[in-house]
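Participant: Okay, sequence plus prediction incoming.
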Amino acid sequence: MTREIAAEALIRYDVPVFPVRGLEEILLDKTLSQRRFDLEIGSTSPFLIDNLRPAVNGHVPNHGQNTKQILMELGYTDDQIIKLSEEKIILCDEESSNDA
């Protein structure tokens with residue numbers, strides 16, 4: 001079954017779906033070029049929109065890196081966060097757990 005056939009079948013049953021495309025398909029998409037969107041691999045920011053390259057501010061946090069800090073800002077206690085982590089409901093990076 002192709003992804004197009006699968007998407008059509010899901011759409012018939014009102015399931016919100018959109019096929020995931022590979023990089024090659026994305027680069028060949030005419031809609032992106034019509035909107036003056038260009039993708040440049042290897043630059044600090046791979047996106048070029050209307051001839052402007054957005055700034056990259058810092059790095060993307062690791063998975064779970066800021067979990068403890070965010071939950072504490074929302075009012076969770078250390079004990080609640082530890083319990084959620086032990087029950088594998090959340091991922092708390094060990095380094096970030098010691099930062100907050």
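Facilitator: Structure's in. What do you need?
Participant: the domain parsing of the protein - what is it?
Facilitator: Structural domains assigned to the chain are 3-49, 67-99, following automatic domain parsing.
Participant: Run the chain-centre distance for the last one.
Facilitator: Pointing back at domain 67-99 there. 20 Å (CA atoms, centre = their mean, to the nearest Å).
Participant: can you pull out the helices in the protein?
Facilitator: Listed in chain order, the helices found in the chain under DSSP state H are 3-12, 23-27, 30-34, 67-73, 78-86, 94-99.
Participant: pLDDT-wise, which helix or strand of the protein ranks last?
Facilitator: Sorted by mean pLDDT, DSSP states H and E, the helices and strands of the chain end with helix 94-99, the least confident at a mean of 47.
Participant: Need the winner for burial among the helices of the chain.
Facilitator: Most buried of these by mean neighbour count (mean count of other CB atoms under 10 Å) is helix 67-73; its value is a mean of 17. Backbone N, C-alpha and C define where each C-beta goes, glycine included.
Participant: State the mean pLDDT of that helix.
Facilitator: Per-residue pLDDT values over helix 67-73 give a mean of 94.
Participant: again, but for stretch 26-41
Facilitator: The pLDDT scores in stretch 26-41 average 71.
Participant: same check, this time on stretch 80-88
Facilitator: pLDDT averaged over stretch 80-88 gives 94.
Participant: how many neighbours does residue 93 have?
Facilitator: For residue 93, the tally of surrounding residues (other CB atoms under 10 Å) stands at 17.
Participant: Quick check: it touching residue 63?
Facilitator: Yes - Residue 93 is in contact with residue 63 according to CB atoms under 8 Å; the separation is 7.3 Å.
Participant: before we move on, the earlier item: could I get the domains of the chain as CSV with distance to residue 59?
Facilitator: As requested, the domains of the chain are arranged in CSV below (distance: least, CB to CB, whole Å):
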stretch, distance to residue 59
domain 3-49, 11
domain 67-99, 14
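Participant: Residue 58 is nearest to which of these?
Facilitator: Using CB to CB as the measure, domain 3-49 is the one of these that comes nearest residue 58, at 11.7 Å.
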